[in-house]
Structure formats: structure tokens, C-alpha cells
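Novice: Any chance you could fold what I've pasted below:
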Amino acid sequence: MKFICLFALLLPFAACADDADYTLVLKDHRFQPEELIVPAGKKIKLKIENRDELAEEFESFALNREKAVAGNGSATLYIGPLEPGRYPFIGEFYEETAKGVIIAK
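Specialist: Presented below is the predicted three-dimensional model:
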């Protein structure tokens, strides 16, 4: 019984250990890379680094995510698991240049 209780307590940490880490960099109001390929069916940790002095807001209707990122700051989002497909995103304050897509394969 003690083993089962210990296993149940450690289960959330085991799930976190499988998360894959990815980074999007925002510079000159453009995301780099513009296409980020991630594995389908897995939860990912997405770090957004804003190297511009002005704030930006990461927004994706397809991912149902919205996150403000301070100038020269960063933010972290957890996404997924995703079905295979394309998930567009934009920087809401500079939509003309700050755009990209997450591709789950």
C-alpha cells in the first residue's frame, strides 16, 4: 500500500519530466523561428523571449492561448498535447510582422 501511495504522489512529477522545451524569440517585432515544429501528442513548454524594448502579446486562437510578454522579458506557456496540424499565432501589438505557426507532427 505504501508503494502505491508513493507512486501516486510522484506521478505528476513524472508527467512533467516528459514535457519538451521550446523557445520563440521576439526581435524587431518578428518571431524566430516563424515555424516551430513540435511533436504531436506531447505536452510542450514554450518559452517566449521578448528581446524588443516594447511589450508584446502572444496570441493564438487555434491554441486558445494569450500571454503578455514585457519588453526585454519572457513568459512561459504550456501547450498540448496537440493533434497533428498547424497552429498559427501572432503578436497582437505588431500583427503585420509578428506572426508564425506551430506545426505539430
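
Novice: In this structure V38 contacts L24, no?
Specialist: No - the criterion here is C-beta atoms under 8 Å, and V38 misses it with L24 at 11.1 Å. Yep, even glycine has a C-beta here, placed from its N, CA and C like the rest.

Novice: Neighbour count for those two, which is higher?
Specialist: L24 (23 against 20; other C-beta atoms under 10 Å).

Novice: average model confidence for the helix or strand where the more buried one lies?
Specialist: Per DSSP states H and E, L24 falls inside strand 20-27. If you average the pLDDT over strand 20-27, you get 96.

Novice: which residues in the protein form strands?
Specialist: Remark: strands assigned in the chain by DSSP state E are 20-27, 30-32, 35-38, 44-50, 56-60, 65-69, 74-79, 85-91, 99-104.

Novice: ok, the residue lying closest to F93 once chain neighbours are set aside - contacts?
Specialist: The shortest distance from F93 to any non-neighbouring residue, by C-beta to C-beta, 6 or more residues apart in numbering, is to E56 (5.4 Å). By C-beta atoms under 8 Å, 6 or more residues apart in numbering, the contact list for E56 reads L26, H29, N50, A68, V69, G71, G91, E92, F93, Y94, A98.

Novice: just T23 next, same as before
Specialist: If you count contacts by C-beta under 8 Å, 6+ apart, T23 has them with L46, K47, I48, E49.

Novice: what's the spacing between it and F58?
Specialist: T23 sits 12 Å away from F58, going by C-beta to C-beta, to the nearest Å.
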